[in-house]
Structures are given as C-alpha cells and as structure tokens.
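Asks: With the input below, show me the fold.
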Amino acid sequence: MSADRTCIIFYLLSTVSYFIHNGNSQEAADHCFSSEFLESLSMSMKITKAGFHRDLLYSVEWGEVDHDVKALLVQKLPSGVYMDEYQLETLKHDTGLEVLLDSKVDLEAPEYLSSGFTALVFLSGKHEATVPVHGRYHRPSNSSQKWVTVEIEPPRLFLRSDQCVLPHHEATEAPCTVRNHSICSWLEILRLEDTGAVSLEIPVGDSSMILSVCVGTVLTAALSCVFLLRSIWRHGTF
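Replies: Numbers count the residues shown, from 1 in each chain. Reported below is the predicted structural model:
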C-alpha cells in the first residue's frame, strides 16, 4: 500500500510541476509578446533598382517594449532569382548585413536549370535590411514575349527574446544567429497585414534570332582572325 501511495504522490507532484512550468512559460511568453505588442507590429518589403540587379528592402516595426526583441525573416525565393553568397559575405563585413542561405546557390546557372531556395534575414539593431537579389537568364522565347515576370512572396516573420521561454507548441526552431552555431525557439507572427508580393521584369531572348546571332558571331570571329593574321604578316618578324 505504501508503494502505491508513493507512486500516487510522485505522479501528483510531477503533474503539478508540469503545469507550473508550462504556466510560467505561457506567462513569460505573454509578457514578452503581449496582444498590444503584437498589434503594434508591421512589416514592409519593397524592391528597388532596375534590370537584373535589384535590392530587397525589408523593415519591421513595433511599439515600445522593456526588453530586447530579435527579428528573423524567412524569405522563399523562386528559381528566377538568386543571391550571391560572396557578395553577402562582403556586405556582412562592410555593413553588418546578416543573411543565411539554406543551400548552395549556383551563380551561373540559368533559371530553367535552377531551383528555389530560402534566405534567413536576421534583423538586429535597426530592424531593417537591404538585401541584393539578382535575376537569372531565362530560356529564350519563340513568341513575341520579350519580358518575364518573377514574383517574390513576402517573408515569414519570427521573433524571439532572451527573456522569454516559449511554450513548445508555439515555438519554431531556427538558427539563433547568422553564424548558425546554435538553435533557438522563435515565435512566428501569423496575423500581419498582407504586404503583397513584389515582382521584377527580366528580359528574355528571342529564339527566332538564334541563327542570325550564330552567323554574326562566327563571321565576327573569322574577320577578327583574318585581321590579326594580316597584321602579324605585315609587321611581324620571321
């Protein structure tokens, strides 16, 4: 009987401890990310410049808070664009830009031989970032189409604070920083005003011009060779 009573007491203590822990976690999460704080959140995404080389401008704003809050944008990008990891590394040292790519990106591949990828943009300090993005070459068109439109959907927004302990069912695991040395619990913000997708137009080649372009290229190369040989023959020493 005493053994059964001990088991019951242990079970009750474990249950109470569980609810206390989760209750404290929920209170901490509510304290850090209150309904007033969440209502003050806003996010914007714009695209600037022209041609193949553009900038994505991100900005996240929120009301006053008595503790540090870190923001993470998870941006999915289609195969029609790419980010240059070497350029991002340079900008990290020069401007403090923090972007982590989820996979190796082939900088030279055209759109039809590429796949989409995800970029993690860490917003620290200013809560804004300017991230360069580049258009890929697309397959030449056999119609009158001269431009192709590439749409970029708005990113997902995640927040965390070192003073918060998120409940497991609300937490999403992601790298703590751009260094990707550890994993932290982030809270995804779902009820944001839809900022809408941004798009860029990229020129495409005309496949009906392939023959004339090839002939012109060959003739130009041949004439250049003839000119060089003629100059060597006239001015060279044999």
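Asks: and the spatially closest residue to Gln163 that is not a sequence neighbour, which of the three is it?
Replies: Closest residue to Gln163 apart from its sequence neighbours, by C-beta to C-beta, 6 or more residues apart in numbering: His67 at 4.6 Å. Backbone N, C-alpha and C define where each C-beta goes, glycine included. For His67, the assignment made with DSSP: H, G, I helix; E, B strand; the rest coil gives coil.
Asks: Give me the neighbour count for His67.
Replies: By other C-beta atoms under 10 Å, the residues close to His67 number 10.
Asks: Where does pLDDT dip in this structure?
Replies: 1-31, 206-211, 236-238 (pLDDT under 70).
Asks: just so I have it, where are all the strands in the chain?
Replies: Listed in chain order, the strands of the chain (DSSP state E) span residues 42-48, 53-61, 70-77, 81-82, 99-101, 117-123, 128-135, 147-152, 156-160, 171-175, 183-189, 198-203.
Asks: Quick one: list the elements packing against the last one.
Replies: So that's strand 198-203. Other elements packing on strand 198-203 under the criterion 3 or more C-beta pairs under 8 Å, 6 or more residues apart in numbering; DSSP states H and E are strand 42-48, strand 147-152.
Asks: Export those strands as JSON lines, with columns for distance to Arg54 and mean neighbour count.
Replies: Listed next are the helices and strands packed on strand 198-203 as JSON lines, based on distance: least, C-beta to C-beta, whole Å; neighbours: other C-beta atoms under 10 Å:
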{"stretch": "strand 42-48", "distance to Arg54": "5", "mean neighbour count": "15"}
{"stretch": "strand 147-152", "distance to Arg54": "10", "mean neighbour count": "14"}
